[in-house]
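In: Model the structure of this input:
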Amino acid sequence: MSRIESSSKTKMERAPIFIVAGEASGDLNGSALALSLKKFAPGLRIMGIGGRKMEESGVEILFDISELAVVGFTEVLKNVRSLKAIFHDFCRKMDEEKPDVLILIDYPGFNMRLAEKAKKSGVTTVYYISPQVWAWGKNRVKKLAKTVDKMLVIFPFEKDFYQGSGLDVEFVGHPMLERIKLQMSREELAGKFSLSVSATTVAFLPGSRKQEVERHLPVMLKAGVIMNRQRPDLQFILPCASTIDAGEIKEIVDKHPLEVTVIENQAYEAINFADVVIACSGTATLESACLGKPLVVIYKVSCVTWLIAKFLIKLRSIAMVNVIAGRKIVPEFLQFSARPSAIAGEAMRIIEDVAYRAGMIEEVEKVRSSLGSSGASDRAAEAVLRTIGYDSG
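Out: Take a look at the predicted model:
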């Protein structure tokens with residue numbers, strides 16, 4: 001482990017570091033990055049936009065991510081006034097504090113504008129976890145090259161994508177690998193939540209935002225009802241994201257004739273317990289892949305958002321496991337094709353077709369292997385500190 005020391009100013013003389021995360025996964029990654037920064041450079045002041053995880057890691061939260069976590073074009077339009085207010089207030093704070101560096105975590109609609117502002121203000125900008133510009137075509141790459149000083153990417157193909165753009169790009173690996181740690185055995189989880197260890201188990205992962213849960217969970221539950229009619233012995237579980245009120249989840253579940261065990265604070269253990277996962281496209285698909293689970297991916301947004309996305313997005317697949325693999329290795333049911341009967345049929349095929357299941361597990365494990373080794377947060381922190389004048393000793 002390398003030691004980081006200040007090469008020019010003492011720790012107490014340095015301006016703060018600003019971190020901006022706009023959603024739950026960004027809060028997790030920002031939290032891990034903050035801990036690594038403080039490990040290498042004790043005494044650093046870190047401020048920004050984030051959530052509970054970042055706050056627990058010692059970040060002074062200026063605005064909570066709950067005010068930013070909206071999904072889709074029409075949803076952003078409905079919240080544009082509050083988003084603008086947060087943007088301008090944050091920019092004023094940045095002008096006051098004159099941070100050593102602004103670290104942006106994904107969340108492109110907001111953060112790419114912040115990068116432009118930082119550039120005009122002379123603030124060094126590091127983008128950690130690249131916005132998915134490879135899904136939108138290369139037009140945004142030019143803008144990033146003009147405003148971002150360092151790009152830290154977490155997928156190996158992203159470094160190749162940015163080749164020739166003029167961006168200083170470094171692959172640090174995926175931070176998910178360092179946080180997927182199982183705290184209890186299957187037997188312990190079963191005992192805690194009154195589950196059967198021997199029953200075939202289906203896990204629902206509807207998303208980490210309220211809008212995602214409201215759109216995806218009813219569809220998943222209806223699929224579960226169909227599956228349960230075919231196989232009454234199936235067991236259903238639902239790991240509740242830390243950003244979602246478990247009471248709201250249970251209200252939706254109670255409206256459907258399906259017994260579902262809602263699991264709080266043990267998301268990875270719950271995914272690991274499952275035999276098949278039905279997941280909202282996003283971080284959950286990679287978490288499932290990293291735990292070697294076969295899965296079915298779904299995603300729904302408003303009709304207007306879907307039509308705009310169809311016009312703008314250049315990818316054949318949206319599930320990250322498929323994007324990384326370069327082909328469709330897990331089934332996707334998007335928007336109008338996200339029908340309970342279709343989802344149930346594919347999940348049942350995974351359960352009952354042994355060869356199909358084994359092939360999918362083999363493919364998702366290849367995706368896991370491509371993500372690099374654990375320690376992404378430390379590597380990202382070292383890159384940030386080098387960028388602002390700390391040297392590895």
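
In: tell me the domain ranges of this protein?
Out: Here the chain is described, according to automatic domain parsing, as comprising the domains 4-175+375-392, 186-370.

In: Same list, those domains, but as CSV with mean pLDDT and mean neighbour count please.
Out: All C-beta atoms are positioned from the backbone trio N, CA, C, and that covers glycine. Below are the domains of the chain laid out as CSV (pLDDT from 0 to 100; neighbours: other CB atoms under 10 Å):
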stretch, mean pLDDT, mean neighbour count
domain 4-175+375-392, 86, 19
domain 186-370, 92, 19
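
In: all strands of the stretch 51-200 of the chain, in order?
Out: Assignment of strands within the stretch 51-200 of the chain using DSSP state E, counting those that start in this stretch yields the ranges 60-64, 101-105, 124-128, 150-153, 169-171.

In: Kindly confirm my reading that Glu365 is in a helix.
Out: Yes. Under the criterion used here (DSSP: H, G, I helix; E, B strand; the rest coil), Glu365 sits inside a helix.

In: From Pro294, how far off is it?
Out: Distance of Glu365 to Pro294, given as CB to CB, to the nearest Å: 11 Å.

In: now swap in Glu60 and tell me
Out: As judged by CB to CB, Glu60 and Pro294 stand 42 Å apart.

In: Make TSV from the strands of the stretch 51-200 of the chain and add distance to Arg316 to it.
Out: Converted to TSV, the strands of the stretch 51-200 of the chain look like this (distance: least, CB to CB, whole Å):
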stretch	distance to Arg316
strand 60-64	36
strand 101-105	26
strand 124-128	25
strand 150-153	21
strand 169-171	23
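
In: Which one, of those strands, ends up nearest to Ala85?
Out: Put simply, out of the strands of the stretch 51-200 of the chain the one that sits nearest Ala85 is strand 60-64, at 9.6 Å, with distance taken as CB to CB.

In: What strands flank that closest one, and is each parallel or antiparallel?
Out: The pairing partners recorded for strand 60-64 under DSSP bridges are strand 46-50 (parallel).

In: Off-centre distance for the strand it pairs with?
Out: 18 Å (CA atoms, centre = their mean, to the nearest Å).

In: and the direction of that strand versus that of strand 101-105, what angle?
Out: The directions of strand 46-50 and strand 101-105 differ by 30 degrees, with axes from the mean of the first three to the mean of the last three CA atoms, to 10 degrees as the criterion.

In: what's strand 46-50 in contact with?
Out: The set of residues external to strand 46-50 that reach it, using CB atoms under 8 Å, 6 or more residues apart in numbering, is 16-22, 26-27, 30-31, 34, 37-38, 54, 58-65, 68, 86, 90, 93, 97, 99, 103.

In: cool, stretch 139-152 as well?
Out: By CB under 8 Å, 6+ apart, the surrounding residues in contact with stretch 139-152 are 104, 108, 112, 115-116, 118-119, 124-131, 133, 162, 165-170, 172, 380, 383-384, 387.

In: go on, stretch 260-270?
Out: Contacts to stretch 260-270, defined as CB under 8 Å, 6+ apart, come from residues 180-184, 189, 192-195, 203-204, 221, 224, 235-242, 246, 249-250, 253, 287, 291.

In: all strands for the stretch 201-350 of the chain, in order.
Out: Ranges of strands in the stretch 201-350 of the chain, per DSSP E, counting those that start in this stretch, are 201-205, 235-240, 260-264, 276-280, 295-299, 332-334.

In: Make CSV out of those and add distance to Pro42.
Out: Converted to CSV, the strands of the stretch 201-350 of the chain look like this (distance: least, CB to CB, whole Å):
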stretch, distance to Pro42
strand 201-205, 37
strand 235-240, 35
strand 260-264, 33
strand 276-280, 38
strand 295-299, 41
strand 332-334, 45
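
In: Which one, of these, ends up nearest to Asp353?
Out: For the strands of the stretch 201-350 of the chain, the distance to Asp353 is smallest for strand 276-280, at 11.2 Å, taking CB to CB.

In: Output the closest one as CSV, nothing but the C-alphas.
Out: Backbone C-alpha positions of strand 276-280 (Å, rounded to 0.1, in the frame of the first residue of the first chain) are rendered in CSV as follows:
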residue,chain,number,x,y,z
VAL,A,276,-32.6,-16.6,-10.0
VAL,A,277,-32.8,-12.8,-9.9
ILE,A,278,-35.3,-10.5,-11.6
ALA,A,279,-33.6,-7.1,-11.6
CYS,A,280,-34.2,-3.6,-12.7
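
In: Please name the strands paired to that strand in the sheet, noting orientation.
Out: Each strand paired with strand 276-280, and its direction, by DSSP bridges: strand 201-205 (parallel), strand 295-299 (parallel).

In: want to throw those into a markdown table with distance to Arg327?
Out: Formatted as a markdown table, the strands paired with strand 276-280 follow (distance: least, CB to CB, whole Å):
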| stretch | distance to Arg327 |
| --- | --- |
| strand 201-205 | 22 |
| strand 295-299 | 14 |
